[in-house]
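Enquirer: Here's a sequence, model it:
(chains A and B)
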Amino acid sequence: DAGVTQSPTHLIKTRGQHVTLRCSPISGHKSVSWYQQVLGQGPQFIFQYYEKEERGRGNFPDRFSARQFPNYSSELNVNALLLGDSALYLCASTPGVLAVRGNNYGYTFGSGTRLTVV
Amino acid sequence: AQSVTQLDSQVPVFEEAPVELRCNYSSSVSVYLFWYVQYPNQGLQLLLKYLSGSTLVKGINGFEAEFNKSQTSFHLRKPSVHISDTAEYFCALNAGGTSYGKLTFGQGTILTVHP
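Expert: Residues are numbered from 1 along each chain as shown, chains lettered A, B, ... in the order given. Below is the predicted model of the structure:
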């Protein structure tokens, strides 16, 4: 079975541009979460989507937006890119809206998209 | 609000020596706790988790961690490290309830194992 897949793996953008990152969850998982990991720091929560609805939002500006499609895949969009947006963007999927259900922890991360803004 | 503090940003150790990576957390509600490992240019791999029950949890690659509610700690230990354990380690928590799927991570500890 395929794990969480993210595309592209790397990309370089110029300040002020727009970027779209994509994530396909594990088959059967209905929730996708996005994280930003700046070099030298831990991942920071950006969004969670479940059944196409936003279920959580981290402390990020409105330049960051996301959506989830009927097949549960997701896109993260970032407008007006800044140098500080350079980071590894991680996507994770879970079967349901909760990270832990009963004695099951269903969180699975993808390998990430490395975004460099120049 | 919840937070995670990893007390050491870097831990150097010699091969076959024991190691402890320290993690403290803050939360007004019960939490689930996790340790992840990240190798260079890779994603996150789950090492172990505490959901409930026994406070001593064992994970992959010989790692274990102990949940201490009174000290709000979840330290990671390995009795004998290998060169291949060199990586960055992250402690994380989930508060359940309306936190839904949100994980809160610490800043990370870089473990460097020297021959």
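
Enquirer: Low-confidence ranges, the chain, go.
Expert: I went with chain A, as the question did not name one. Across chain A, the ranges flagged by pLDDT under 70 are A:1.

Enquirer: Chain B contacts on that one?
Expert: For chain A, the residues in contact with chain B (Cβ under 8 Å from any Cβ of the partner chain) are A:31, A:33, A:35, A:40-45, A:48, A:50, A:55-56, A:58, A:90, A:92, A:94, A:97-100, A:103, A:105, A:107, A:109-112, A:114. Bear in mind the C-beta positions are built from the backbone N, C-alpha and C, glycine included.

Enquirer: Near the residue in chain B positioned nearest to chain A, how many other residues are there?
Expert: Closest residue of chain B to chain A, Cβ to the nearest Cβ: B:F105 (3.5 Å). By the criterion of other Cβ atoms under 10 Å in any protein chain shown, B:F105 has 22 neighbours.

Enquirer: List the contacts of the closest residue to it other than its chain neighbours.
Expert: Nearest residue to B:F105, sequence neighbours excluded (Cβ to Cβ, 6 or more residues apart in numbering or on different chains): A:G42, at 3.5 Å. A:G42 is in contact with B:4, B:6, B:90, B:92, B:105-108, counting by Cβ atoms under 8 Å, 6 or more residues apart in numbering or on different chains.

Enquirer: possible to save the residues you listed as CSV with distance to A:T14, secondary structure and pLDDT?
Expert: Converted to CSV, those look like this (distance: Cβ to Cβ, whole Å; DSSP: H, G, I helix; E, B strand; the rest coil; pLDDT from 0 to 100):
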residue, distance to A:T14, secondary structure, pLDDT
B:V4, 35, strand, 97
B:Q6, 34, strand, 97
B:F90, 31, strand, 98
B:A92, 33, strand, 97
B:F105, 29, strand, 97
B:G106, 33, coil, 97
B:Q107, 29, coil, 97
B:G108, 29, coil, 97
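
Enquirer: Check those and tell me the two furthest apart.
Expert: The distance between the two most remote of these (Cβ to Cβ) is 11.2 Å, for B:A92 and B:Q107.

Enquirer: Please compare these two by neighbour count and tell me which comes out ahead.
Expert: Neighbour tally, B:A92 and B:Q107, criterion other Cβ under 10 Å: the higher count belongs to B:A92, 25 against 16.

Enquirer: ok now the helix or strand hosting A:L90, how far from the chain's centre?
Expert: According to DSSP states H and E, A:L90 maps onto strand A:87-94. With Cα atoms, centre = their mean, to the nearest Å as the basis, strand A:87-94 stands 4 Å off its chain's centre.
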